[in-house]
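Q: predicted model, plus sequence, below.
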Amino acid sequence: MRILFSSVPQHGHLLPLFPLARAFQQRGHEVAVLTAAGMEPVVAAQGLKLLPAGPLPDALFAEVARRTGADPAKAPTPDSVAEFFAGTRIDLTADEAFAATEGFRADLVVAELCDYVGPLVAAAQNVPVATLAFGPPLPPVFTEAMDGMARTRHEARGLPWQPRKWLLDTWPASMRADEWQQPEGWLPLRPEAFRVPNENGTKPPASNRPRVLVTFGTWFGEPKKLSPLLRELSTLDVDVVVTLGLAARPEEFDVDGERVTFVGFTPMEDLLDGVDVVVTHGGAGTTSAALMKGVPLVVLPQGADQFFQAERVAAAGAGIALDPPSQTPETLRAAVLDVLENATFRDNVTTIAKEIAAMPDANEVAAVLESGL
């Protein structure tokens, strides 16, 4: 069979698809990934085929700002988020997506939760869709706004609006809100820390001191914002390891280079061993990876869906959430110390890690999807 994976061209959206894509490929199916050409190095490192379509996020954000004046990354509202994912992105990607997939007749489209280009192609090819959700469920006001806008794009192209057949859910059950109800077609899927197959990553050297990993993803790790936080953390008797994202350089940070170790873009699988606490913006991939590895968190959400992750982490006792304006160096230092010294956080996240380990893995879920086609 042919399985088409489709994603918004951002690491946090694309990377959660890879375990299932690899599983289908290992089971003998032809797999392709539909996303922007700029993501080719990431896709190729997984041994997967890229079908390039559409611009990268910088062009999408610029167009959303031109159309609406909004910034859906730093100040997300239902309307601005819908415009980014289901309006502007479809408008700037659909034609290239149809051309890219013309010779790839899929039997199944697997689209991450915020991708509406894959379902558009699925409607054109009359094939079912499995939606992969990462992080806690988005509030209905957001999903309804996105679905509503995407529906108008289907109608404009004379394509039917068809509901997904499956929802693949990587969020552990114990961390869902009490009001959550299981949707039709729901299948749990074990999340995995991002890794690059057949590659041995460089890990920070071992130390007798606690290790604090600071990672704000590929978009939110601005040196000006992080430097005061890192300076305060470096006053503790800990090893501080900081990921640089995609653009920042070590010399841009005003910190003591002897107390802080910087690493380039590195798979989370290679970073989390030996870590005692993760300080993060709360991206879904980082949060899930830390939970999977049993590492408690201190979450400083910056925008997008990060506030949802932060709230769930705090509610589960898996860490501490610091919302603005409490994201000061002093409060961060106190939170890290609390997590390091209070064994309850480690106990809670260890329980969650065991729950995640018991979820069906990518190969098991691929087998279920095969049987349903």
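A: Okay, I see it. Residues are numbered from 1 along each chain as shown.

Q: the residue nearest to the spatial centre of the chain sits in which helix or strand?
A: Geometric centre of the chain, nearest residue: Gly12, 3.1 Å, by Cα atoms, centre = their mean. If you go by DSSP states H and E, Gly12 is part of helix 11-14.

Q: packing partners of that helix?
A: Under the contact definition 3 or more Cβ pairs under 8 Å, 6 or more residues apart in numbering; DSSP states H and E, helix 11-14 sits against helix 40-45, helix 284-293. In this view, the C-beta of every residue, glycine as well, is placed from N, C-alpha and C.

Q: next structured bit after the first one?
A: Counting by DSSP H and E, the element after helix 40-45 in chain order, helix or strand, is strand 49-52.

Q: same question for the last one.
A: Toward the C-terminal end, the helix or strand that comes next after helix 284-293 (DSSP H and E) is strand 297-299.

Q: give me the sheet partners of that following strand and which way each runs.
A: strand 277-280 (parallel), strand 319-321 (parallel) (DSSP bridges).

Q: can you tell me which of those is most buried?
A: Mean neighbour counts were taken over those using mean count of other Cβ atoms under 10 Å, and the top value, a mean of 28, falls to strand 277-280.

Q: what's the mean pLDDT across that strand?
A: Mean per-residue pLDDT for strand 277-280: 96.

Q: just the CA atoms of that strand, as PDB, please.
A: The C-alpha atoms that make up strand 277-280 are tabulated as PDB, following Å, rounded to 0.1, in the frame of the first residue of the first chain:
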ATOM      1  CA  VAL A 277      14.800  18.300  35.100                       C
ATOM      2  CA  VAL A 278      13.800  19.800  31.800                       C
ATOM      3  CA  VAL A 279      13.200  23.600  31.500                       C
ATOM      4  CA  THR A 280      11.100  24.200  28.400                       C
END
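
Q: how much distance is there from that strand to the middle of the chain?
A: 16 Å (Cα atoms, centre = their mean, to the nearest Å).

Q: flag every buried residue along stretch 156-164.
A: Burial within stretch 156-164, assessed by neighbour count using 16 or more other Cβ atoms under 10 Å, is assigned to 159, 164.

Q: what's in contact with that stretch?
A: Under the criterion Cβ atoms under 8 Å, 6 or more residues apart in numbering, residues 94, 119-120, 122-124, 128-131, 150-151, 154-155, 185 lie in contact with stretch 156-164.

Q: could you do stretch 69-83 as well?
A: 61, 64-65, 67-68, 84, 141-142, 144-146, 148-149, 219, 302-305.

Q: end to end, how far does it reach?
A: Start-to-end span of stretch 69-83 (Cα to Cα, to the nearest Å) is 11 Å.

Q: which parts of it are buried?
A: So for stretch 69-83, counting by 16+ other Cβ under 10 Å, buried means 70, 72-73, 76, 78-83.

Q: circling back: which of the helices and strands packed on helix 11-14 is buried the deepest?
A: helix 284-293 (a mean of 26).

Q: give me the contacts around it.
A: Counting by Cβ under 8 Å, 6+ apart, residues outside helix 284-293 touching it are 11-12, 15-16, 134-135, 170-172, 175, 190-194, 215, 217, 268-269, 272-273, 275, 278, 280, 296-297, 299, 305, 309, 313, 318, 349, 352-353, 356-357.

Q: for it, what is the average pLDDT?
A: Rounded mean pLDDT across helix 284-293 is 92.

Q: just the CA atoms of that helix, as CSV, please.
A: C-alpha atoms of helix 284-293 as CSV (Å, rounded to 0.1, in the frame of the first residue of the first chain):
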residue,chain,number,x,y,z
ALA,A,284,4.3,19.0,22.7
GLY,A,285,7.2,17.0,21.4
THR,A,286,9.5,18.1,24.2
THR,A,287,6.9,17.6,26.8
SER,A,288,5.9,14.1,25.6
ALA,A,289,9.6,13.1,25.4
ALA,A,290,10.3,14.2,28.9
LEU,A,291,7.2,12.4,30.2
MET,A,292,8.2,9.3,28.3
LYS,A,293,11.7,9.3,29.8
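
Q: how far off centre is that helix?
A: 9 Å.

Q: can you check stretch 297-304 too?
A: That offset, for stretch 297-304, works out to 13 Å (Cα atoms, centre = their mean).

Q: residue boundaries of the helices in the stretch 101-250 of the chain?
A: 117-125, 140-156, 223-233 (DSSP state H, counting those that start in this stretch).
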